[in-house]
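Undergrad: fold the following.
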Amino acid sequence: MLELRHLRTISALHETGSVSRAARRVHLTQSALSHQIRVLQAYYGLPMIQRRGQSIELTDAGRQLAALAGKVLEEIQETERDIARLSQQACGSLRIVLECHTCFDWLMPLMDAFRRNWPEVELDLVSGFHADPLKLLEDGSADVVIGSEHGSRRDIVHHPLFRFEILAVLAPEHPLGAKRSLHAADFADTTLITYPVPEDRIDLISKVLKPAGIRLPRRTAELTVAILQLVASRRGIAALPSWGLKNYVEHDYVIARRIGTSGLWSDLYASTPSKTSTCPYMRDFLSTARSTCFATLEGIVPLK
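TA: Residues are numbered from 1 along each chain as shown. Here you go, the predicted structure:
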């Protein structure tokens, strides 16, 4: 029998193209997810997926179920919104803190979708740099922080969004552009262009340069486009999330290179006070955030 959990599994497989990533997405072990696939295949007498190297593709039967999943899961989400309105749980506010500066680009379509779904909820962005953004959750000055996890905090829940790669960004004619990937020593004798945040919040510094004993002069800019302008003007090198670079790289404004052999990866979370984590519109915001990101951002992977 086809069940809701099967539709969620097929949807995750369709969106991620990987059994392991889909399993993380729906909070299952790979063996448990594989068992669900076998159950579906036995029930319909048709294969649901076919492997393509390290990835998978849905078969015609799998794509039919994925299309059904899209419709059913959307209907369920809409019904839950309506029930929340009946129970008078749809009014309130959602004050968002962005620890990740480059998140602003993909946050806009997310906020547009959320406003359409929850017109009763007031949306606001908490502006400015915050040395301890989670403190804003603790004292009631914000409702959600989008950024890194920052370890365990009492009465705060970290909801996983996705994992993304950070790339080194250089001027097109930079000598390091001849290399396929950059390592710690390659950054010596250059200026690092970053957002105006502490060094321990910059992954390139904390995970790559500092362990190698390399310190660089820094120049800061608050806007992503300003950082890219400085890089293009040969004022230094930056390290930015891959999702924000595609258009600039395609137009040869800058070039991007992997950091390290396996890449430099970071995790993004939405952190909320535990008392509001089950609020209907907060649950919907988190669900909409994940679906919007995986629909619009390239190169991200599910984060368990």
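Undergrad: any stretches of the protein with poor pLDDT?
TA: Within the chain, the stretches with pLDDT under 70 are 84, 86-91, 150, 304.
Undergrad: quick one, domains of it?
TA: The domain map for the chain lists 4-85, 89-162+268-296, 164-265, with the assignment taken from automatic domain parsing.
Undergrad: residue 108 and residue 97, how far apart?
TA: For residue 108, the distance to residue 97 equals 16 Å [C-beta to C-beta, to the nearest Å]. Where you see a C-beta, it was placed from the backbone N, CA and C, and this is true even at glycine.
Undergrad: quick one: which of the two has more around it?
TA: A count of neighbours by other C-beta atoms under 10 Å puts residue 97 above the other of residue 108 and residue 97, at 21 against 11.
Undergrad: next structured bit after the lengthiest helix in the chain?
TA: Assignment by DSSP state H gives helix 60-86 as the longest helix of the chain. Downstream of helix 60-86, the next assigned helix or strand under DSSP states H and E is strand 92-98.
Undergrad: which helices and strands does that next one pack with?
TA: Under the contact definition 3 or more C-beta pairs under 8 Å, 6 or more residues apart in numbering; DSSP states H and E, strand 92-98 sits against helix 104-117, strand 121-125, strand 144-147, helix 280-296.
Undergrad: of those, which stretch is the most buried?
TA: With neighbours taken as mean count of other C-beta atoms under 10 Å, those reach their highest mean count in strand 144-147, at a mean of 24.
Undergrad: partners of that strand, with directions?
TA: The pairing partners recorded for strand 144-147 under DSSP bridges are strand 92-98 (parallel), strand 264-273 (antiparallel).
Undergrad: please save the CA atoms from that strand in CSV.
TA: Extracted C-alpha coordinates of strand 144-147, given in CSV (Å, rounded to 0.1, in the frame of the first residue of the first chain):
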residue,chain,number,x,y,z
VAL,A,144,15.0,32.7,13.9
VAL,A,145,18.7,33.0,13.2
ILE,A,146,20.0,31.6,9.9
GLY,A,147,23.7,30.7,10.2
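Undergrad: who does the helix or strand that comes right after that strand touch, helix- and strand-wise?
TA: Of the helices and strands lying after strand 144-147 in sequence (DSSP H and E), the nearest is strand 156-170. With contacts taken as 3+ C-beta pairs under 8 Å, 6+ apart, strand 156-170 sits against helix 133-138, helix 224-232, strand 237-241, strand 255-259, strand 264-273, helix 280-296.
Undergrad: those: which one's closest to residue 11?
TA: Proximity to residue 11 (C-beta to C-beta) singles out helix 280-296 among the helices and strands packed on strand 156-170, at 9.4 Å.
Undergrad: one step back: I'd like the helices and strands packed on strand 92-98 as CSV, with distance to residue 231 appended.
TA: Shown next, in CSV, are the helices and strands packed on strand 92-98 (distance: least, C-beta to C-beta, whole Å):
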stretch, distance to residue 231
helix 104-117, 17
strand 121-125, 26
strand 144-147, 23
helix 280-296, 24
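Undergrad: what does stretch 102-117 contact?
TA: Contacts with stretch 102-117, where a contact means C-beta atoms under 8 Å, 6 or more residues apart in numbering, come from 78, 81, 94, 96, 98, 121, 123, 146, 224, 240-241, 243-244, 268, 281, 284-285, 288-289, 292-293, 296-297.
Undergrad: measure stretch 259-276 end to end?
TA: Using C-alpha to C-alpha, to the nearest Å, one end of stretch 259-276 lies 38 Å from the other.
Undergrad: around the residue lying closest to residue 155 once chain neighbours are set aside, how many other residues sit close by?
TA: Spatial nearest neighbour of residue 155, chain neighbours left out: residue 274 (4.9 Å); criterion: C-beta to C-beta, 6 or more residues apart in numbering. Residues lying near residue 274 (other C-beta under 10 Å) number 12.
Undergrad: residue 274 touches residue 158, doesn't it?
TA: No: using C-beta atoms under 8 Å, residue 274 is not in contact with residue 158, being 10.3 Å away.
Undergrad: contacting residues for the residue nearest to residue 155?
TA: Applying C-beta under 8 Å, 6+ apart, the residues contacting residue 274 are 155-157.
Undergrad: now swap in residue 298 and tell me
TA: Residues in contact with residue 298 (C-beta under 8 Å, 6+ apart) are 242-243, 246.
Undergrad: make it 10 Å
TA: Listed by C-beta atoms under 10 Å, 6 or more residues apart in numbering, the contact set of residue 298 reads 164, 242-243, 245-246.
Undergrad: check residue 241 too.
TA: Contacts here follow C-beta under 10 Å, 6+ apart; on that basis residue 241 touches 100-103, 105-106, 164-167, 203, 224, 266, 268, 297, 299-300.
Undergrad: now these: which count as buried?
TA: With burial judged by 16 or more other C-beta atoms under 10 Å, the buried subset of the contacts of residue 241 is 100-103, 106, 164-167, 203, 224, 266, 268, 297, 300.
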